[in-house]
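In: Model the structure of this input:
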Amino acid sequence: MPLYEYVCRKCSKQFEALIFGADVPTCPACQSTDLERLLSVVAVGSSQPAREPSACDSCQGRGRPGCGMN
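Out: Numbers count the residues shown, from 1 in each chain. As a prediction, the model looks like this:
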């Protein structure tokens, strides 16, 4: 059951829709099928508090090539 985000090209309403098989989504505001599918942002939760990185995890601040910390 994919959940997609859309914006209606007719009325500019932004919404999410569950799409099953060959179903065609419609705008809940104006019933238009002229929609643009948006790129969804993935949200990941954690039970641990976020920490500020002092160095990247791969090189631990040693500045290996391609690290971005050098």
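In: Could you use CA atoms for every contact and neighbour count after this?
Out: Noted.
In: what pairs with the helix or strand containing A17, and is each one parallel or antiparallel?
Out: For A17, the host element (DSSP states H and E) is strand 14-18. Using DSSP bridges, strand 14-18 pairs in its sheet with strand 3-8 (antiparallel).
In: What lies in contact with the strand it pairs with?
Out: For strand 3-8, the external contacting residues (Cα atoms under 8 Å, 6 or more residues apart in numbering) are 13-19, 27, 32-40.
In: still on that earlier bit, the next helix or strand after the strand holding A17 packs against which elements?
Out: Next helix or strand after strand 14-18 toward the C-terminus (DSSP H and E): strand 35-38. The contact analysis (3 or more Cα pairs under 8 Å, 6 or more residues apart in numbering; DSSP states H and E) places strand 35-38 against strand 3-8.
In: Keeping just the C-alphas, turn the strand it packs on into PDB.
Out: These are the backbone C-alpha positions of strand 3-8, laid out as PDB (Å, rounded to 0.1, in the frame of the first residue of the first chain):
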ATOM      1  CA  LEU A   3       1.300   6.300   0.300                       C
ATOM      2  CA  TYR A   4       2.000   9.100  -2.200                       C
ATOM      3  CA  GLU A   5       2.000  12.900  -1.900                       C
ATOM      4  CA  TYR A   6       0.300  14.900  -4.600                       C
ATOM      5  CA  VAL A   7      -0.400  18.500  -5.500                       C
ATOM      6  CA  CYS A   8      -3.500  19.300  -7.700                       C
END
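In: mean confidence for it?
Out: Mean pLDDT, computed over strand 3-8, is 93.
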